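[1] got a sequence here, can you model it:
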Amino acid sequence: MNKKVLDTILGFSAGVMLAASFWSLLAPAIDLSNELGYIAWIFPTIGFVFGGLFVLLSDRFLDKVLKNSDNLKKADSLKRSILLISAITIHNIPEGMAVGVAFGGIASGVPGMTLIGAIMLALGIGIQNFPEGAAVSLPLRNEGFSRFKSFMIGQASALVEPISAVIGVVLVLSIRSILPLLLSFAAGAMISVVARELLPESIKENKNLATLGLIVGFIIMMILDVALG
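    As a prediction, the model looks like this:
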């Protein structure tokens, strides 16, 4: 894919996910806290912090594994590819949970949760999965795997997302009292993924395009969620 197009798409996806984190996750978490009689900001804050820490600690763990592997087998690029698959697979977990929580929140009648918001959140995550799939498949192809096998392994790295989404839905529907925590946890994880993965990659070469993409994505998400929600 053309780098300018890719950076614009990554910026757009980051904008959608940032807006969705607030209007589809954090705002409903605050509203529900009020409805349940909690202090409005406490559980959303706690959930957001833990969501962000989950992503950060997962990445740190994988960095340590990668560093140790490099010390043992510096020339083993296939091992590096396998670790890359593991990294992308693990960070897909909170993304899938975010989608599941968003749709589960609608089914359980959480104030502020809208269908258009959940759909746009899923769309934003789906868009940014394209370059992630390529990041898995291309190194494997370079190692001599067939095009089909490289493609299928790239697809398999995202299988955790629908599984995590189902877990998110089950938790939302069964435990309403901790919903503010789950919603804000998903928001914290989402914004951490945006900050660590999408934005740094998108602004390496084309800052202006990435910024414009982010603005457009944020505005579209905001308009759809507020005006149509």
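
[2] right, and M17 touches G124 too?
    Yes. Under the criterion of Cβ atoms under 8 Å, M17 makes contact with G124 at 4.5 Å. For glycine as for every other residue, the C-beta is placed from the backbone atoms N, C-alpha and C.

[3] L18: which element?
    Assigned by DSSP states H and E, L18 falls within helix 3-20.

[4] what lies in contact with that helix?
    Here helix 3-20 makes contact (Cβ atoms under 8 Å, 6 or more residues apart in numbering) with 102, 117, 120-121, 123-125, 127-128, 130-131, 190-191, 193-194, 198-199, 201-206, 209-222, 225.

[5] among the helices and strands of this protein, which has the poorest mean pLDDT?
    Per-element confidence for the chain was summarised using mean pLDDT, DSSP states H and E. The lowest value among helices and strands belongs to helix 77-107, with a mean of 72.

[6] which is the succeeding secondary structure element to that one?
    Helices and strands here follow DSSP H and E; after helix 77-107, the next one along the chain is helix 115-142.

[7] which strands and helices lie in contact with the following helix or strand past that following helix?
    Once the chain leaves helix 115-142, the next helix or strand it forms, by DSSP H and E, is helix 147-156. Contacts defined by 3 or more Cβ pairs under 8 Å, 6 or more residues apart in numbering; DSSP states H and E place helix 147-156 against helix 115-142.

[8] so how far is the helix it packs on off the chain centroid?
    The offset between the C-alpha centroid of helix 115-142 and the centroid of the whole chain comes to 9 Å, using Cα atoms, centre = their mean, to the nearest Å.

[9] helices or strands up against it?
    Packed next to helix 115-142, using 3+ Cβ pairs under 8 Å, 6+ apart, are helix 3-20, helix 77-107, helix 147-156, helix 207-227.

[10] who are the contact partners of the residue positioned nearest the centre of the chain?
    Centroid check for the chain by Cα atoms, centre = their mean gives E95 as the closest residue, at 3.5 Å. With contacts defined as Cβ under 8 Å, 6+ apart, the neighbours of E95 are 125, 161, 164, 189-190, 193.

[11] tell me the one of those nearest S21?
    When the contacts of E95 are compared for distance to S21 (Cβ to Cβ), M190 comes out closest, at 4.8 Å.

[12] for that closest one, which non-adjacent residue is spatially closest?
    By the measure of Cβ to Cβ, 6 or more residues apart in numbering, the closest residue to M190 outside its immediate chain neighbours is S21, 4.8 Å from it.

[13] re the thing from before, save the contacts of E95 as a markdown table, and put in pLDDT and neighbour count too.
    Compiled in a markdown table, the contacts of E95 are given as follows (pLDDT from 0 to 100; neighbours: other Cβ atoms under 10 Å):
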| residue | pLDDT | neighbour count |
| --- | --- | --- |
| I125 | 77 | 23 |
| E161 | 86 | 23 |
| S164 | 86 | 20 |
| A189 | 83 | 28 |
| M190 | 82 | 29 |
| V193 | 81 | 25 |
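
[14] that older thread, next structured bit after the helix holding L18?
    In the C-terminal direction from helix 3-20 (assignment by DSSP H and E), the next one is helix 27-35.
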